[in-house]
Every structure is written in structure tokens, then in C-alpha cells.
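> Sequence plus the predicted model coming up.
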Amino acid sequence: MDKNSIIGIVLIAAILIVYSVINQPSKNEIERAKQRRDSLELVRQQNEAKQQEAEKAIEQTVEPEEQVKDTQQKEELVKKYGSFASAAEGDNEFAIIENDLMKIKFSNQGGRIYSVELKEYKTYDQEPLILFDGDSTVFGLNFFSQNKSIITNNLFFNLENEKQHYVIENDEQSITYRLYAGDNQYIEYVYTVYPGTYKMDFDINFVGINEIIASNLSIIDLKWSMYSPQQEKGADNENMYTTIGYKYYQDDVNTLSSRSKDENSEELNTRVKWISYQQQFFSSILVADNFFTNAVVEFNDLPNSSKYLKHFQSTIGIPFEYKRESTVPLQFYFGPNHYTTLKKHDLGFEHIIPLGWGIFGWVNRFVVIPVFNFLDNFIANYGLIILILTILIKIVLFPLTYKSYLSTAKMRVLKPEIDQVNKKFPKKEDAMKKQQATMALYKKAGVNPMGGCIPMLIQFPILIALFRFFPSSIELRQEAFLWADDLSSYDAIISWSADIPIISQFYGNHVSLFTLLMALALFFSTKINSGQMGDSNQQMPGMKFMMNYMMPVMLLFFFNGYSAGLSYYYFLSNVITMGQTLIIRRFVDDETLLKKLHENKKKPVKKSKWQKRLEEAAKQKGYKPPKK
């Protein structure tokens, strides 16, 4: 830096110093500025103080009003709920436990199961299958405490678990809710879910509740109600199987009639083991480890609902021990109406499946289901399983079919001789003589007039058993075959939405092809069998018209909304029957058969007890047998 630069910098610095000294404020100016700042600060502080005083005054006027209102509300709750008043208000919160089969959602309002989803199944429109859900479900205890009616479904329980969502794999998991009535006084619900099962434990624990209820109380009512949603394609068909079932403590399983308006409720005045709310293929079952003391069960149809089929409701008596601590152990089953799955619980659950009463149920349980399950182990296509099952049944019944055909053929070849007997006794008053002569002819020829009916009667239980089996078989649910997308429901090849009078009411808004094929097969099968009788049917023209024409048409209307698997089975059965009849015809010659019957006439006749009774009855009416 040169000399001139240094001189310039020094001069600039000197100028700045002189300027600052000249413009420095006096002491009076400094004092006045300070006073101005202090005045502004004082005004600000005074304004803040006034605002705080105003807010405090407002709070002092409002707070007593809210306190009075809050106090009055609490007093009202105490009047209504007594010791449970603190649980009358709260926010609805949820917890979830799920295993590999089901997802159970719980609500702290009522401490109840809010919904159950079955993971392995879907609804007919491929939505998650929910057995029940929503605030419309009621599950809670109803009792009197301090002269007040308490319904726990409306009160808020405390969740005692740290987490709100559990996914279990190897070990069981419990979730606990408590409804407090005071210090060390509460009702506790403990739900325990296990891996790999549709069954769960449910324990109700009473702690200190005996101090706030009547000492003579021995039964507490449990209110349970739910809406049953539509899960399947055919609502009308599904509704026929949607009902309430129950098992007495040491007795059989019963169900309310799903189609009778007069039998939609039942008062059970004796001990009950379990109660089921059952749909066509799924059920919710409440089970007592010991017993329920009594129950009233009821359902109502919901014809105007597009989502629900029925509303179930029950009032169930559970035993209560009047002591400091007591437990009522219960269980739930939420799952499919699968026969083997239900049976393994050894509680009679399998009897809720409508397999038929008496011999029809036995045929299904001990014949049809074992064979069906055996085939299911090797064949994945249920259409083929039904085909093989039908063939096996027809093979087993073939001796009866052959015997029935042979008996009919014998009566057909004897028809000319029967006509001669009818001509011999044309008068009405000779009816007994005509009958006795006819029976004598049959007896000599070795023909049993009931021979064609008895084999058919033996086959009848199998026919009815399968009628009950197919619509109830969950194995067929949503299983496709050929054009049918669900063998458990109807197969619609044509459908319409318009309401056509009479047709829509009695036939439906669709055409089931399997039902149509079944009706056609029945028509041709009946025609072939009628031809087998020759002109003997001329004596019963009404019966011929009924069997040949009316029956196929009636079944066409009746089966149109039924299980496609059932119509498919009957179609196959009739087709195979026609084939068997045509094959038998090739091996049974009428001339050879008639010759054999004439040879039988030459043999000595041994009178049966039934024939002896006929002759005795004829003698009492004055008839004398002709002398030989």
C-alpha cells in the first residue's frame, strides 16, 4: 500500500468520528426516548392484564354451568346404571385375533365379537365371507343390579391386552375385556383362539358382582341376536336351510322349521347344551361346557331385504353362582357345515346338516357321505364324482331293478289270462271273487304282484337321501362343472330381470339346463317303463297321464331353483335306468317267460297266510270256492 492510500483511509476515519460526535443525542433526548418506550410497554402490559381479567371472568361464569351440566349427566347415569355408570360412555374401539382359518373382530362396546370372517371361503359374488357383522349384532348379559336393569351390550368394557391385533400361528392367544362396577368388582370376558380350528373358548368371569345384585339370583340372561346375511347365489334356496338349531343337554338335536311361520320360535324349558344360528353352509354355535338352564329362540324372515335373509334372536339362561368369584365356561364354533369337521368336535354338531330323518339320514351318514369322501380323495372334479357315485349306486341297485323288471314282465305276459278272469266276473258285487281268482292265478304261475313295487320301495330311501344330500353338501359349493358355475346352486343358461306374472313366482327368472335335461330324461324313462306294462295301463289312464306328463313338468318347476348337482344326479340316474331297461329287454324273452309261468301252474300250490286270510274273508261274505 502506498503513502497516498494510507492518508486517504486516515482522513475517512477522522471524518466518521467527527460526524458521530456531532450527531450524538443529548442527555435530554435520550431521557425522552426512554420515557416513550416505558409508556408503550406499560400500555401493552395493561392491555394484556385487562384481556386476562376478561377471559378469567368469562371462565368464571361458564365453568359453573358446564360443571352443573356434567354433574347432572353423571347423576342421570348413576340413576340408570348404578355401579356401572362409569362404563356407560366411551368410544368404540376394536381388537382383532386371527388364525389360519378365521379373523375375529372384537368391540369394546359390549366386549362382544363384532364380526367373524372365514378366510378360506368367499360369498357368491367373491366378497369376503362374513358370518355376521356390525352394530346390529347383540351379545350381552341382562340382569338387575341395585334395582336397575343392566344390559352389558350397551356398556363399554376395558381392553386388558397391550396389543389390539394378534396373528396366531403355533400357540393360542387370549383377549380379555372387563366391565368395571367398582374396585375389584367387574365382569370379565376372556376369548381364547387356537390355531387350526374354528372353535374358540369363551369364559365369563364374575368378580365381586355378588355384592351388587340380588342374593337370590341363580340365573342370568344372555341376549344374543344377529342378522343372517345372504352368502349364496340362490337366496330362496339358501333361505330354506337358514334356521336355528339346538341340542338339549342329554337329548337329540332339533331345528326350527325354516319355512313355517307358525314354528319360527321355541321355548326351551329344560337344560340346553348348545344353540346354533345356521345358514345353508355355515354356522355360528354357542356351546355351554356344562349347560344352559333354559332358552327362548326365535327367527324372523326378512323378505324385503336385499342383504339379509333372517334375523335370529335368543334369550339364554346361564347359571350364576352367588359368591365372590365364579366362572361360566362357554365355547363358540364359527365355521362351515362340513359333516366331518362338525363330527370331530363330538358334540352332535353334524346333526344340524339336514340329511333327512330316520332311514334317509342313516343312508347319507353311513353310505353316501363315506363313498363321496372316498372319491373326493382321488378325484378333483365334483361332476365326475357325482357321475361315479351314480354309477356305483345303480350297480348296487341293479338286482332290484332287474327283479322289478322281471315282475312287471310276468304280469304283462299274464295279461290275457287276467282279462279272461275280469270277463268272468263283470259285476261289481263279484269284486271279491274276481280278486281271489286273480290272486289264485298269480299264485299258480309263481308271480308276486308286489314284486315290482318292493324293489322300488327299497330304492326309495336312497332317492330321498340324495335329495337331501346334494343341497346340503358344502363340497359342491362354488364348484364348477360344464356350464354350471356352482353345483350347490342353480345353473342358469338363460335369465331375465323382468317380473313375469305366474312364471316368475312359480318357476323363477332363469332356466336351469340340468333341470330341463332331468325332466326330459324322466319323461323318456317313464315312457319306456309304461311300454313295459303293455296295455295294462289302460285301466289307469289318470295314473299314466300323471306319471308320463305331469310329473316331469312338476319337477321342472320344483327343481329349477335347486342345486344343479341334484338335478345332474337325477338326470344321470334316469339315463342309466333307461340303459339298464333296454339291456334287460334283450335277455328277457316274453315267450320263454310265459312258458315258464305255465310250467309253474303244474306244480302244487302252497297257500300263503295272506291268501288264506283272503279266502276266509270271502267265505264270511258267503262265497264258496268252486269244486275241483
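Noted; the coordinates are in hand. Note that the structure is predicted; figures quoted are calculated from it, not measured.
> Mind jotting down where the helices sit in the stretch 1-150 of the chain?
Across the stretch 1-150 of the chain, reading from the start of the chain, the helices by DSSP state H, counting those that start in this stretch fall at 3-22, 27-81.
> swap that for the stretch 201-350 of the chain, please
235-240, 339-343.
> Would you mind saying which of those lies nearest K105?
Of all the helices of the stretch 201-350 of the chain, the one in closest proximity to K105, counting by Cβ to Cβ, is helix 339-343 (22.5 Å). The C-beta positions use only the backbone N, C-alpha and C, and glycine is treated the same way.
> Show me what counts as buried in stretch 224-240.
224-235, 237-240 (16 or more other Cβ atoms under 10 Å).
> End to end on it, go ahead and measure it.
Distance between the boundary residues of stretch 224-240 (Cα to Cα, to the nearest Å) amounts to 22 Å.
> thinking again about what came up before, would you point out the most distant pair within the buried residues of stretch 224-240?
W224 and K233 (28.4 Å).
> Which segments of this protein make up each domain?
Under the assignment named as automatic domain parsing, the residue ranges that make up the domains of the chain are 89-354, 365-605.
> now the strands for the stretch 501-628 of the chain?
For the stretch 501-628 of the chain, the strands defined by DSSP state E, counting those that start in this stretch cover 510-512.
> Under the pLDDT cut-off, which ranges of it? List them.
Low-confidence segments of the stretch 501-628 of the chain, defined by pLDDT under 70: 530-549, 589-628.
> If we use 80, what do you get?
Per-residue confidence of the stretch 501-628 of the chain (counting by pLDDT under 80) places the weak regions at 504-506, 527-549, 587-628.
> now the helices: where do they sit in it?
For the stretch 501-628 of the chain, the helices identified by DSSP H, counting those that start in this stretch occupy 503-506, 513-532, 541-545, 551-559, 564-587, 590-601, 609-620, in order along the chain.
> Helix 551-559 and the fifth one, what's the angle between them?
Read that as helix 564-587. Following axes from the mean of the first three to the mean of the last three Cα atoms, to 10 degrees, one obtains 160 degrees for the angle between helix 564-587 and helix 551-559.
> what packs against helix 564-587?
Contact partners of helix 564-587 among helices and strands, from 3 or more Cβ pairs under 8 Å, 6 or more residues apart in numbering; DSSP states H and E: helix 382-413, helix 453-472, helix 513-532, helix 551-559.
> Output those in CSV; the columns should cover mean neighbour count and distance to H338.
Supplementary listing: the helices and strands packed on helix 564-587 in CSV, determined by neighbours: other Cβ atoms under 10 Å; distance: least, Cβ to Cβ, whole Å:
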stretch, mean neighbour count, distance to H338
helix 382-413, 18, 14
helix 453-472, 18, 10
helix 513-532, 19, 24
helix 551-559, 16, 24
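> among those helices, which is nearest F506?
Per Cβ to Cβ, nearest to F506 of the helices and strands packed on helix 564-587: helix 551-559, 5.8 Å.
> Any stretches of this structure with poor pLDDT?
For the chain, applying pLDDT under 80 flags the ranges 1-79, 214-216, 258-263, 403-459, 504-506, 527-549, 587-628.
> What separation do you get for the residue nearest in space to the middle of the chain and E98?
What sits nearest the mean C-alpha location of the chain, by Cα atoms, centre = their mean, is Q279, with 1.2 Å. For Q279, the distance to E98 (Cβ to Cβ, to the nearest Å) stands at 21 Å.
> hmm, back to that, so which of the domains of the chain is nearest I7?
When the domains of the chain are ranked by proximity to I7, the top entry is domain 89-354, at 83.5 Å, counting by Cβ to Cβ.
> measure that closest one end to end?
45 Å.
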